[in-house]
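S.K.: build the 3D model from these lines:
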Amino acid sequence: MISGLPSTGRESPFRGEAALEESRRRSIVHIVAAAAVGVALALACVPLGVYPKLACAILDAGCPDGVSPRGRLPQVVRLTPVQVAQSGMYVALGDSFSSGEGVYELDKQPINDGADRCHRATGSYVPLVAQAYRFNGGTAFYACSGATTGQLISGQWGHRPQITRVGPSASLVTLSIGGNDAGFTKVLTACIAKLPWSSACVDQDTAVTRRIERLRTDMSKVLRELRVRAPNARIVVLGYPRPFPRDPVASVDNLTVEDQRWLNGVTRRLNDTVGSVVAEFDRAIAAFEGPGSVEYVDAYEAFAGHEVGRPQPYLNGLHVDMEQLKVNARSYHPTGDGYRRFADLITKQIAAGPGRPMNNFHLASP
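M.R.: Below you'll find the predicted structure:
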């Protein structure tokens, strides 16, 4: 009402129309803002459960009884690498270097169903990692001795495939894989069983190189399957340690100095191949700003000073059952100290992350 004119007791129709127009404008702004924020959150892979909160905050709709709209949006917060890892379940997959073959004892109670065939041991690095961090979804341990990349997907010993143990609730997956694809156990056996003056060990180089190259495709397939099953998880792939000193000075278990150097070189090539596949995969995730990660832990130098032939080795040497004239499966697998070293590598990687920002987010109340 303009000052100086008498009041009629009725509002101007123009004022009513203006108020209505302003209300419509605000509604349109709210709707557009809600749509824009919704699209942004969808692209950021924020869980669908946050949208009712947004409707309450922006549109004043869908608020629970007794709750008034705050008028402010929840804050989108980027998770740290540790927060991502701990947010769900820890699932441990892989071969004998993850299952605990080197410390497995037949007279002990298996960890879970099938552990008697897969040789899952309490002395593996997996229980140690589970003790170091509290995972909201608990820990599932399904690594299996002898596993190849193909068997991760198809299964072993009539058991469910390891990879089927991974689901959307997984936030951390660890595994070591590739050694059996390269035929490392058979290669090492041929090296040890050869005649002392024979070159049969290093003569396997061409065949081993061919198998390692094929591993690129198979490793990529495993990583793709894991990402489909657990798109928000951190996947940590552990490499293999150098089995012999960098500069061997004496024969060990019928392995000449040349044999040891060649086996060290095979391990290096295997690690480099797996590591390059992992790095390339994670670069693709980062390029599209996807959640989760694929990370590689290079364990090649992890046992330096404690290789086979050293006074305090972190790898078992050759163990032979003289009654059955059979090589024990724990041969050339980590000792208890070796698995503790692996656990140290994994826990440090969990803390460090992939070396780039994580694209996992959650909503914090304003």
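S.K.: and D272, how many neighbours?
M.R.: The tally of other residues near D272 (other C-beta atoms under 10 Å) stands at 14. C-beta here means a position set from N, CA and C on the backbone, and glycine is covered the same way.
S.K.: show me what contacts the residue nearest to N328 when sequence neighbours are not counted?
M.R.: In space, and not counting its chain neighbours, N328 is closest to H319: 3.8 Å by C-beta to C-beta, 6 or more residues apart in numbering. For H319, the contact set (C-beta atoms under 8 Å, 6 or more residues apart in numbering) comprises V327, N328, R330, S331.
S.K.: tell me what the closest residue to L345 other than its chain neighbours is bridged to.
M.R.: Sequence neighbours aside, V297 is the residue nearest to L345 in space, at 5.2 Å (criterion: C-beta to C-beta, 6+ apart). On the basis of DSSP bridges, V297 is bridged to L238.
S.K.: could you measure from V297 over to S276?
M.R.: For V297, the distance to S276 equals 14 Å [C-beta to C-beta, to the nearest Å].
S.K.: more neighbours: which of the two?
M.R.: The neighbour count for V297 versus S276, taken as other C-beta under 10 Å, is higher for V297 (20 against 13).
S.K.: where does the residue most central in space within the chain sit: helix, strand or coil?
M.R.: Centroid-nearest residue in the chain, with C-alpha atoms, centre = their mean: I235, separated by 1.7 Å. At I235, secondary structure determined by DSSP: H, G, I helix; E, B strand; the rest coil is strand.
S.K.: looks like it contacts P291 (just checking).
M.R.: No: with contacts counted by C-beta atoms under 8 Å, I235 stays clear of P291, the gap being 11.8 Å.
S.K.: so, low pLDDT: which residues of the protein?
M.R.: By pLDDT under 70, the weakly predicted segments of the chain are 1-71, 106-115, 321-326.
S.K.: so where do the strands sit in it?
M.R.: Along the chain, counting by DSSP state E, strands occupy 75-78, 89-92, 139-141, 170-175, 234-238, 293-297, 320-321, 326-327, 361-364.
S.K.: export those strands to TSV and tack on distance to M219?
M.R.: What follows is those, written out as TSV (distance: least, C-beta to C-beta, whole Å):
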stretch	distance to M219
strand 75-78	29
strand 89-92	18
strand 139-141	22
strand 170-175	10
strand 234-238	8
strand 293-297	10
strand 320-321	33
strand 326-327	28
strand 361-364	29
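S.K.: who wins for proximity to A250 among those strands?
M.R.: strand 320-321 (19.6 Å; C-beta to C-beta).
S.K.: hang on, the earlier thing: A343 versus the residue nearest to L345, what's the distance?
M.R.: The gap separating V297 from A343 is 11 Å, by C-beta to C-beta.
S.K.: span of stretch 176-184 from start to end?
M.R.: 13 Å (C-alpha to C-alpha, to the nearest Å).
S.K.: gap between that stretch and the chain center?
M.R.: Remark: stretch 176-184 is offset 18 Å from the chain centroid, using C-alpha atoms, centre = their mean, to the nearest Å.
S.K.: same question for stretch 284-291.
M.R.: Distance of stretch 284-291 from its chain centroid, counting by C-alpha atoms, centre = their mean, is 15 Å.
S.K.: can you check stretch 257-277 too?
M.R.: Here the centre of stretch 257-277 is set off from its chain's centre by 23 Å, with C-alpha atoms, centre = their mean.
S.K.: in it, what's buried?
M.R.: 259-264, 266-267, 269-271, 273-275, 277 (16 or more other C-beta atoms under 10 Å).
S.K.: of these, just say which sits nearest to R120.
M.R.: Distances from R120 to these, taken by C-beta to C-beta, are shortest for V274, at 22.0 Å.
S.K.: how close does that closest one sit to Y240?
M.R.: To Y240, V274 is 9 Å away according to C-beta to C-beta.
S.K.: M358 too?
M.R.: For M358, the distance to Y240 - C-beta to C-beta - is 27 Å.
S.K.: in terms of neighbours, single out the busier of these two.
M.R.: The neighbour comparison of M358 against Y240 (other C-beta under 10 Å) goes to Y240, with 24 against 21.
S.K.: once you drop chain neighbours, what's closest to the more buried one?
M.R.: Looking at Y240 with C-beta to C-beta, 6+ apart, the closest residue is T267, at 5.4 Å.
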